[in-house]
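Student: got a predicted structure plus its sequence, pasted below:
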Amino acid sequence: MAFSIGMLLCCGKSQLADKRLAEQTIELIEAFQAKEGHLPADLGELHVTEGPVYYQLEPGGYIIWYGAELGSSWVYDSKTKLWTKRG
């Protein structure tokens, strides 16, 4: 039982850190767009390495995602400004 609780605490902290990193990445993307007038082609333009947070251009915006539990991800859509869980 202690092992399971330890795993949950570990994974919960990791997801919290990933969400913070994703939110910081969103801020960088929005600042880049405000300054340059367009979205970055990839995270390399922001001097950010992909993983554990990922970025993809979409028609009219972009999405950011990071892993939740096995087989699912939290996804941010810049068009709606909402996070949804997928998978």
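Tutor: Nice, I can see it. Worth saying up front: this structure is predicted, and the values here are computed from it rather than measured. Numbering: from 1, shown residues only.

Student: okay, how far is it across stretch 77-87, tip to tip?
Tutor: 15 Å (CA to CA, to the nearest Å).

Student: what are the buried residues along that stretch?
Tutor: Using 16 or more other CB atoms under 10 Å as the burial criterion, the residues of stretch 77-87 that qualify are residue 78. Using the backbone N, CA and C atoms, a C-beta is placed for each residue, glycine as well.

Student: which outside residues touch it?
Tutor: The contact list for stretch 77-87 (CB atoms under 8 Å, 6 or more residues apart in numbering) reads 26, 29, 58, 60-65, 68, 71-76.

Student: where's the dip in pLDDT among those?
Tutor: Among these, residue 68 has the lowest pLDDT, at 79.

Student: can you list the weak-confidence ranges in the protein?
Tutor: 1-13 (pLDDT under 70).

Student: so which residues of it form helices?
Tutor: Along the chain, counting by DSSP state H, helices occupy 2-36.

Student: out of the contacts of stretch 77-87, who's nearest residue 48?
Tutor: Residue 48 lies nearest to residue 29 out of those, by CB to CB, at 9.2 Å.

Student: does that closest one really touch residue 39, like I thought?
Tutor: Yes. Assessed by CB atoms under 8 Å, residue 29 is found in contact with residue 39 at 6.7 Å.
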